[in-house]
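Asker: sequence and predicted structure below; questions after.
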Amino acid sequence: MIKVSETARQKVVTMMSEEGFNASTDFVRVGVKSGGCSGLSYELKFDKSSTDSDKVFEDNTVRIIVDKKSFLYLVGTTLEYSGGLNGKGFVFNNPNAQRTCGCGESFSL
């Protein structure tokens, strides 16, 4: 399962609305792809539908979909949003990551 913090939920709802998505019916698609300075990097985008091979979750009223391959890397992750002086954006707190890069956008196991 993937959890969503309150600040991330607020930002997701706002961004989805701005981009023409409905937070109560559409999804946040979270994934992992090869790349980044640590080997794997996170992906996050909005989607209107899921596929049969997706895992579907809901936490803090946010509907999340993850492809099966990415799910193995993301189990137990919490999606957070940081708006501090060090930059702003979504942050993945992933307990499975053994090493992360300085920007927090890539990791390795």
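Answerer: It's in. Numbers count the residues shown, from 1 in each chain.
Asker: when you work out contacts or count neighbours from here on, use the C-alpha atoms and nothing else.
Answerer: OK.
Asker: quick one: the strands in this protein?
Answerer: All strands of the chain, identified by DSSP state E, fall at 3-4, 27-34, 40-47, 54-59, 62-67, 78-82, 89-93, 99-100, 106-108.
Asker: in its sheet, what does the third one sit against?
Answerer: In other words, strand 40-47. Sheet neighbours of strand 40-47, with direction, are listed as strand 27-34 (antiparallel), strand 106-108 (antiparallel) (DSSP bridges).
Asker: same question for the fourth one.
Answerer: Paired neighbours of strand 54-59 in the sheet (DSSP bridges): strand 62-67 (antiparallel).
Asker: pull out the buried positions in stretch 29-36.
Answerer: Residues of stretch 29-36 classed as buried: 29, 30, 31, 32, 36 (neighbour count, 16 or more other CA atoms under 10 Å).
Asker: from those, which one has the minimum pLDDT?
Answerer: Confidence by pLDDT is poorest for residue 36 among those, given 58.
Asker: could you count how many residues lie near the nearest residue to residue 57 once chain neighbours are set aside?
Answerer: Distance criterion CA to CA, 6 or more residues apart in numbering; nearest residue to residue 57, sequence neighbours excluded, is residue 64 at 5.1 Å. Using other CA atoms under 10 Å, residue 64 is surrounded by 23 other residues.
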